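Q: here are the coordinates; sequence isn't available:
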């Protein structure tokens, strides 16, 4: 079993990689929080949303309340 509270040796810690991964994750989470609609133009009304397109390609019938997304 892995001991989560065991300290590692200072020589085996990769602080540079942890900082780099933290910066990349922070940038990605900032993009998600701000919404891609601000950075990238929104879809037009004629464009099918990606989840609906995926259900149609997979032939999945999906029903949400009174709305129906037929995969066929």
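A: The structure has been received and is ready for your questions. These figures come from a predicted structure and were not determined experimentally.
Q: Which secondary structure state does residue 53 sit in?
A: Here residue 53 is recorded as helix under DSSP: H, G, I helix; E, B strand; the rest coil.
Q: burial count for it?
A: When neighbours are defined as other Cβ atoms under 10 Å, residue 53 has 11 of them. No exception for glycine: its C-beta is placed from N, CA and C like everyone else's.
Q: any idea which helix or strand carries the residue nearest the centre of the chain?
A: Geometric centre of the chain, nearest residue: residue 32, 7.9 Å, by Cα atoms, centre = their mean. For residue 32, the element it lies in under DSSP states H and E is helix 15-34.
Q: Go ahead and measure how far that helix is from the middle of the chain.
A: Offset of helix 15-34 from its chain centre (Cα atoms, centre = their mean, to the nearest Å): 13 Å.
Q: Who are the packing partners of it?
A: Helices and strands touching helix 15-34, by 3 or more Cβ pairs under 8 Å, 6 or more residues apart in numbering; DSSP states H and E: there are none.
Q: Average pLDDT for it, rounded please.
A: Taken as a whole, helix 15-34 has an average pLDDT of 89.
Q: Number of residues surrounding the closest residue in space to residue 49 that isn't next to it in sequence?
A: Spatially, and ignoring its direct neighbours in sequence, residue 49 is nearest to residue 43 (7.1 Å; Cβ to Cβ, 6 or more residues apart in numbering). Residue 43 has 11 neighbours, counted by other Cβ under 10 Å.
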